[in-house]
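Enquirer: Build me a structure from this.
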Amino acid sequence: MNVHQQSANNIACFILRQKGSNLANLSMESLAKTFKLNINELREITLDNDGTSIDKFLNLQKVFLAMKTLEKNPQITTKDLAASCGFTDHDTFTREFTNYFLIDPQKCIDIKANAPFLKRLYNDL
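Expert: So this is what the prediction gives:
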């Protein structure tokens, strides 16, 4: 394993160990500082052979956090959901969420918010 792969694995493991607000507060800048890299070096690091960037991997983990947050709080707004998972830009959050889950976050919120009603309706049929 070369130095590049070791760095990628160390950074990925570090990201995966973060929970909740620790993950939400994680940024490329804070990762660069933690691993004593400049931001451009960090952006050049990819995971394994699939070419996933650290930035994409971090966003993926934050989007998974968004889905977990949505499970706990189906009445949350997309703006609050994005902020709670560390996205400072609503458009980036919407794009990343839709890319990974193939559904717009607002539509997902609407479905989750109406799930108890739909379940009762289904059970009454």
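Enquirer: Let's check: the centremost residue of the protein is which one?
Expert: residue 62 (1.8 Å; CA atoms, centre = their mean).
Enquirer: Give me the nearest residue to it, chain neighbours excluded.
Expert: residue 85 (4.6 Å; CB to CB, 6 or more residues apart in numbering). For glycine as for every other residue, the C-beta is placed from the backbone atoms N, C-alpha and C.
Enquirer: hmm, back to that, any idea how far residue 38 is from the residue nearest to the centre of the chain?
Expert: From residue 62 over to residue 38 the distance is 22 Å, taken as CB to CB, to the nearest Å.
Enquirer: same deal with residue 105?
Expert: With CB to CB as the criterion, residue 105 and residue 38 are 32 Å apart.
Enquirer: Can you pick out the residue with more neighbours from the two?
Expert: Between residue 105 and residue 38, counted using other CB atoms under 10 Å, residue 105 has the larger neighbour count: 24 against 9.
Enquirer: wait, doesn't the more buried one sit right on residue 99?
Expert: No - the pair residue 105 / residue 99 is not scored as a contact, 11.1 Å apart, by CB atoms under 8 Å.
Enquirer: if I pick the residue lying closest to residue 46 once chain neighbours are set aside, what's in contact with it?
Expert: The shortest distance from residue 46 to any non-neighbouring residue, by CB to CB, 6+ apart, is to residue 53 (5.8 Å). Counting by CB atoms under 8 Å, 6 or more residues apart in numbering, residue 53 touches 43, 45, 46, 47.
Enquirer: OK, contacts around the last one?
Expert: Under the criterion of CB under 8 Å, 6+ apart, the contact list for residue 47 reads 8, 9, 12, 53, 54, 57.
Enquirer: in the sheet, who's paired with it?
Expert: Going by DSSP bridges, residue 47 is paired in beta bridges with residue 52.
Enquirer: Could you report the pLDDT at it?
Expert: Residue 47 carries a pLDDT value of 80.
Enquirer: Against residue 36, how distant is it?
Expert: Remark: distance between residue 47 and residue 36 (CB to CB) = 19 Å.
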